[in-house]
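1. Below are the sequence and a predicted model for it; my questions follow.
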Amino acid sequence: MSQVLLSIRNLKTHFYTEEGIVEALDGVNLDIMRGETLGLVGETGCGKSVTALSVMRLVPSPPGKIVAGEILFEGRDLLDLSAEEMRRIRGGQISMIFQDPMTSLNPVYAIGDQVGEAIKLHQHTTRIVTWKRVVDALKLVRIADAEERATNYPHQFSGGMRQRAMIAMMLSCRPALLIADEPTTALDVTIQAQVLLLMQELQRELNMSILLITHNLGVVAEMCDRVGVMYSGNMIELADVETLFEAPQHPYTQGLLGSIPRPDQDIEELEIIPGSVPSLINPPAGCRFHPRCPYAREICRQEKPEELVIEKGHMVACHQFGIHWD
Amino acid sequence: MVLVEKEKKFEFRKSSQLRMELRRLKRHKPAMIGLGITLMILVIMLFAPVIAPYPYEEQDLAHMLEKPSLEYPFGTDAVGRCVFSRVVYGSRIAFLVGFVVVSIEAGIGITLGLFAGYFGGKLDTIISSLTDTVWAFPPLVLALGIVTAIGPGLFNVVAAIAVVSWAPFTRITRAKVQSVREREYVEAGRAIGESDASLIWRYILPNIVASNLVLATLTFPSALLTASAMSFLGFGAQPPSPDWGAILNEGREYLRSAPWISTFPGMAILFTVLGFNFLGDGLRDAFDPRMKL
């Protein structure tokens, strides 16, 4: 279980825009174990999606560029691979599903052809074998009448079915890692539950790891083994899901959890985090959260906090837990 | 058994977007008129030897400058050739010119547009500046210049027109590619490990065909007009070729005494252009009512 599949070390991805350099990722560290689901949460623009795109090496370039760091996948640094080698990894060993199933399928090809394309690319199968696997893949994601449905075009599918078809396409080569970038945000609530359940079942069947990006903390609580909280291009807290929800340590995580309504507790007003996400072009010096942090001191304005392990499997990047605080 | 299965699948596929678009096209009245005209001219072109009562170059010196009659439906010209036969045969030249010009233009334009739109960066800057430069020239003048340099003749005219007017295809293609490139299914294609070539070929190209088809249908008549204008000016098809522009020119001297010589090829041009324009508008509305072209 505790075998590391993907290890991101000090990853820095920058975007070079006309307004200046956007430091979208400012030294992110992250480990994903085999078979686990790791959630990545944070506000819009905190770097969740850029992390995912960096792992796939799909950061649009220009203007984006991975300027430093390592992404070790099964021991190999993905950043050292040639474009050709990387293409073989994509879809084969690491797959990604996207937010909006309405636009993530090519409108001019039948569903089966698209799922088949992924299979053909990585397994070089003959047409008949490909088609058989397409039908199997569609059956796997519980699409009824898979043989017939495979010949349909995307516009003949509902949103939930498209997302399942997308999952079929991405899982058809049995990847070791699935990156899901807000896979249920665009779906109806009832369909969300179905899709999430399906992902959990398939994860068990295929023994794969999932990197789940979302800003829905309910989804995280339901799905994830561990959770990483990102803020302004940094990983600020990472712990297993119980610890994070029961005893969040970073002031930002506390604020984030305080801002969700909880029917089981009698709370008059939801907490809000004052201020807004800082610009990534000229981020605040020191800890990027300090302008919004109720506990901020001088050191927070000057030094970037280190990632501190406060107990086994619980990382917090905050000066409060450092030796210079008291 | 397997065969039956396959056929069933094919049927199922046909009930797709294309069918919806065809239905929309059928409801578009001008488009159906345009299609009718186009098909009619196509039939005339294919069966020219059957339809034309005389070979287009046959002179009947006993019947020069004769009015339209049963024997010569469109009358005869200064050397006694049947104008009707010449106009009928002329449709072949008109279609050939239009088809070849549009193919070359679309070939150059779409290729450049795909590269500029997909890869962007410096390549885009170079291609876009080139496109803007070519577009800045009035095509007829530039084509005349080229033909003056390389000499008259239908082939040279075709080449000259094609070389100076591919710019709209590049612009349209580039703009469409830039929007299609950002769609999630292209990203998804990348995420399953597709190469640039297959992303362009399988994901982008099929999604920009519609607007280019519309543009091609609308470019066809303008190519025909330019070619006719050049033939009329004496740069294009040379006598005794029955090019419509050339016949117009031959009839110029006799506009008062024998107006039928110029009138009928002029009407042929008019109807062809009108037909294609109607059809193009209809196609545009059928493919995408919101398309701006």
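-> In hand now; what should we look at?
2. Show me where the chain has its helices.
-> Since you didn't name a chain, this refers to chain A. A:48-56, A:83-89, A:111-123, A:127-140, A:146-149, A:159-171, A:189-206, A:217-223, A:241-246, A:251-258, A:298-302 (DSSP state H).
3. wait, I meant chain B there
-> Going by DSSP H, chain B shows helices at B:2-14, B:17-27, B:29-46, B:48-51, B:83-119, B:121-136, B:139-150, B:154-164, B:167-181, B:184-191, B:196-198, B:209-232, B:244-251, B:260-287.
4. Report the contact partners of the most centrally placed residue in chain B.
-> Within chain B, one residue has its C-alpha closest to the average C-alpha position: by Cα atoms, centre = their mean, that is B:F220, at 2.0 Å. B:F220 makes contact with B:G98, B:F99, B:V101, B:V102, B:F276, B:G280, according to Cβ atoms under 8 Å, 6 or more residues apart in numbering or on different chains. Yep, even glycine has a C-beta here, placed from its N, CA and C like the rest.
5. picking that back up, could you dump the helices of chain A to a markdown table with distance to B:R27?
-> Formatted as a markdown table, the helices of chain A follow (distance: least, Cβ to Cβ, whole Å):
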| stretch | distance to B:R27 |
| --- | --- |
| helix A:48-56 | 43 |
| helix A:83-89 | 45 |
| helix A:111-123 | 29 |
| helix A:127-140 | 35 |
| helix A:146-149 | 30 |
| helix A:159-171 | 29 |
| helix A:189-206 | 35 |
| helix A:217-223 | 46 |
| helix A:241-246 | 57 |
| helix A:251-258 | 54 |
| helix A:298-302 | 68 |
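6. The ones you listed into CSV, with extra columns for mean neighbour count?
-> Shown next, in CSV, are the helices of chain A (neighbours: other Cβ atoms under 10 Å in any protein chain shown):
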stretch, mean neighbour count
helix A:48-56, 23
helix A:83-89, 15
helix A:111-123, 23
helix A:127-140, 18
helix A:146-149, 17
helix A:159-171, 24
helix A:189-206, 16
helix A:217-223, 18
helix A:241-246, 16
helix A:251-258, 20
helix A:298-302, 15
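7. got CSV for the ones you listed, with distance to B:I44 and mean pLDDT too?
-> Below are the helices of chain A laid out as CSV (distance: least, Cβ to Cβ, whole Å; pLDDT from 0 to 100):
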stretch, distance to B:I44, mean pLDDT
helix A:48-56, 57, 89
helix A:83-89, 52, 87
helix A:111-123, 41, 87
helix A:127-140, 44, 87
helix A:146-149, 45, 87
helix A:159-171, 48, 85
helix A:189-206, 57, 84
helix A:217-223, 66, 87
helix A:241-246, 76, 89
helix A:251-258, 74, 86
helix A:298-302, 84, 85
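8. Show me the beta-bridge partners of the residue in the stretch 201-326 of chain A that chain B sits nearest to.
-> Residue nearest to chain B within the stretch 201-326 of chain A (Cβ to the nearest Cβ): A:L211, separated by 13.1 Å. Beta bridges link A:L211 to A:L38, A:I179, judged by DSSP bridges.
9. quick one: pLDDT of it?
-> Per-residue pLDDT puts A:L211 at 93.
10. wait, isn't it in contact with A:A176?
-> No - contact between A:L211 and A:A176 fails when scored by Cβ atoms under 8 Å: they sit 11.4 Å apart.
11. Between these two, which has more neighbouring residues?
-> Just comparing A:L211 and A:A176: by other Cβ atoms under 10 Å in any protein chain shown the higher neighbour count belongs to A:L211, 27 against 20.
12. quick one: the more buried one and B:T133, what's the gap?
-> Using Cβ to Cβ, to the nearest Å, we find A:L211 at a distance of 48 Å from B:T133.
13. do the same with A:I281
-> From A:I281 over to B:T133 (counting by Cβ to Cβ), the distance is 36 Å.
14. residues in contact with the residue nearest to A:R133 when sequence neighbours are not counted?
-> Leaving aside its sequence neighbours, A:R133 sits nearest to A:I119 (Cβ to Cβ, 6 or more residues apart in numbering or on different chains; 5.2 Å). By Cβ under 8 Å, 6+ apart, A:I119 lies in contact with A:T125, A:T130, A:R133, A:V134, A:A137, A:S172, A:C173.
15. surely the fourth one meets A:G112?
-> Yes - in this structure, A:V134 is within contact of A:G112 by Cβ under 8 Å, at 4.7 Å.
16. shared neighbours, the two?
-> A:A150.
17. Can you tell me the closest non-neighbouring residue to the residue nearest to the centre of chain B?
-> Spatial nearest neighbour of B:F220, chain neighbours left out: B:G98 (4.5 Å); criterion: Cβ to Cβ, 6+ apart.
18. need the contact list for that neighbour.
-> Counting by Cβ under 8 Å, 6+ apart, B:G98 has contacts B:F220, B:P221, B:A223, B:L224, B:A227.
19. tell me which parts of the stretch 101-250 of chain A are close to chain B?
-> A:103-110, A:117-118, A:121-122, A:148, A:151-153, A:155, A:166, A:169-170 (Cβ under 8 Å from any Cβ of the partner chain).
20. can we see that at 7 Å?
-> When proximity is defined as Cβ under 7 Å from any Cβ of the partner chain, the stretch 101-250 of chain A approaches chain B at A:103-108, A:110, A:117-118, A:121-122, A:148, A:151, A:153, A:155, A:169.
21. and those residues, which two are the farthest apart?
-> Comparing every pair within those by Cβ to Cβ identifies A:H122 and A:H155 as the most remote, at 26.9 Å.
22. Could you pull up phi and psi at B:A258?
-> phi -140, psi 70 (degrees, to the nearest 10).
23. Spatially, which residue comes closest to it, not counting chain neighbours?
-> B:L65 (4.5 Å).
24. Distance check, that neighbour against B:D77.
-> The separation that B:L65 has from B:D77, given Cβ to Cβ, amounts to 7 Å.
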